[in-house]
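Peer 1: fold the following, please.
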Amino acid sequence: MAPLSGKTPPALRAVLTEWPVVSAPMAETLTGASRAAVQRNLAWMETRGLICEVTGQGRYRVWRATN
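Peer 2: Numbering: from 1, shown residues only. All right, here's what the predicted structure looks like:
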């Protein structure tokens, strides 16, 4: 996650470490970041295999950290 700048990436990493599954609204509340910033960072992390989406849906998605 070193290429990412700002407060959102480390805050999001902390949330994903503390909680078994995380939704975008939950991450938004816990990090204090905007929905757009959370979704952008979740997409970046998912693309790189750091997290995976577990619901298989387009809406109400939930992610978890990969092992």
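Peer 1: strands along this structure, start to end?
Peer 2: Using DSSP state E, the strands of the chain run over residues 22-23, 51-53, 62-65.
Peer 1: quick one, longest helix in this protein?
Peer 2: Assignment by DSSP state H gives helix 35-47 as the longest helix of the chain.
Peer 1: run through this structure and note the low-pLDDT ranges.
Peer 2: 1-5 (pLDDT under 70).
Peer 1: okay, which residue is most central for it?
Peer 2: Taking CA atoms, centre = their mean, the centroid of the chain lies closest to Leu42, which sits 3.8 Å from it.
Peer 1: hang on, that residue packs against Val15?
Peer 2: No. Leu42 is beyond contact range of Val15, at 10.4 Å (criterion: CB atoms under 8 Å). From N, CA and C alone the C-beta is placed, and that goes for glycine too.
Peer 1: returning to what we had before: so can I have JSON lines of the strands of the chain showing mean neighbour count and distance to Thr8?
Peer 2: Below are the strands of the chain laid out as JSON lines (neighbours: other CB atoms under 10 Å; distance: least, CB to CB, whole Å):
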{"stretch": "strand 22-23", "mean neighbour count": "19", "distance to Thr8": "13"}
{"stretch": "strand 51-53", "mean neighbour count": "15", "distance to Thr8": "14"}
{"stretch": "strand 62-65", "mean neighbour count": "17", "distance to Thr8": "15"}
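Peer 1: turn the ones you listed into JSON lines, including distance to Pro9.
Peer 2: Output for the strands of the chain, formatted as JSON lines (distance: least, CB to CB, whole Å):
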{"stretch": "strand 22-23", "distance to Pro9": "14"}
{"stretch": "strand 51-53", "distance to Pro9": "12"}
{"stretch": "strand 62-65", "distance to Pro9": "13"}
